[in-house]
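Engineer: kindly generate the corresponding structure for this input.
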Amino acid sequence: MHKLLSRFKFLLKATNQHGVHSPFVYQFLTQGLYGQKRFHKDNTLNILIKSVHYFQFKNVDIDVISKGGEILSNYGDFERRKEKPLDLLFLAEPQQTPEQVLNRCQFHNDSLILINHIHQNAENERHWEAFVNHRSFTVTIDGFYCGLAFIREEQVKEHFRLRI
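Structural biologist: This next block holds a predicted model:
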């Protein structure tokens, strides 16, 4: 019931590319997410694959409990986590706070944290809201199935609810 109510609230507030005033998000949405073929039937894995392709991420860390790593390896050339800063971190479940994630991993400007199941239950929504409100993440996108939190020092803090 919680997920259904969350979906209804999301649809009331969400927009598509026509409601986006950020050039960075507009270009990512139109060329990266809308402009590419569908790679996988799972919405979150599809967004993961499209994001890796669009940004040409090479240094990716994927939660061990997800099957995203084996699926992603079929769609491109990327390296599993090394000592250098991460391009992308995929969290299969939003159980960690932003501080825990930032302390555990090293990121650079333009890094992305993709979080699955952000509207699965009230606790996951609280975890997602912590990422949205954290000062390190200047661009956050709620795509209902997953959330995308970008570290972009050159951009003012903005949050988007987008139909992806």
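Engineer: can you point out the buried residues in the strand ranked longest in the chain?
Structural biologist: Ordering each strand of the chain by length in residues (DSSP state E) puts strand 107-116 first. Across strand 107-116, burial judged by 16 or more other C-beta atoms under 10 Å covers Phe107, Ser111, Leu112, Ile113, Leu114, Ile115, Asn116. (Glycine included, C-beta is placed from N, CA and C.)
Engineer: hmm, who's touching the helix or strand just after that strand?
Structural biologist: Using DSSP states H and E, the next helix or strand after strand 107-116 towards the C-terminus is helix 122-133. For helix 122-133, contacts defined as C-beta atoms under 8 Å, 6 or more residues apart in numbering pick out 2, 6, 93-98, 113, 115, 117-119, 137, 140, 142, 147, 149, 159.
Engineer: which of those residues fall within helices?
Structural biologist: Among these, DSSP state H puts His2, Ser6, Pro98 in helices.
Engineer: among these, which one sits closest to Gly32?
Structural biologist: Pro98 (23.7 Å; C-beta to C-beta).
Engineer: is it true that that closest one touches Phe137?
Structural biologist: Yes - between Pro98 and Phe137 there is a contact under C-beta atoms under 8 Å: 7.0 Å.
Engineer: can I have the buried ones of the contacts of helix 122-133 as a PyMOL selection?
Structural biologist: Only the buried members of the contacts of helix 122-133 end up in this PyMOL selection, burial being decided by 16+ other C-beta under 10 Å:
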select buried, resi 6+94+96+98+113+115+117+118+119+137+140+142+147+149+159
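Engineer: all strands for this protein, in order.
Structural biologist: 59-62, 79-80, 86-91, 107-116, 139-142, 146-150, 158-161.
Engineer: quickly run through the sheet partners of the first one, with directions.
Structural biologist: Each strand pairing with strand 59-62, determined using DSSP bridges, is listed with its direction: strand 79-80 (parallel), strand 86-91 (parallel).
Engineer: deepest of those, which one?
Structural biologist: Greatest average neighbour count among those goes to strand 86-91 (a mean of 22), per mean count of other C-beta atoms under 10 Å.
Engineer: alpha carbons of it, as PDB, please.
Structural biologist: The C-alpha trace of strand 86-91 is given here as PDB (Å, rounded to 0.1, in the frame of the first residue of the first chain):
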ATOM      1  CA  LEU A  86      34.600   6.200  -8.100                       C
ATOM      2  CA  ASP A  87      32.600   7.400 -11.100                       C
ATOM      3  CA  LEU A  88      29.500   5.600 -10.000                       C
ATOM      4  CA  LEU A  89      28.300   3.700  -6.900                       C
ATOM      5  CA  PHE A  90      25.200   1.600  -7.200                       C
ATOM      6  CA  LEU A  91      23.400   0.900  -3.900                       C
END
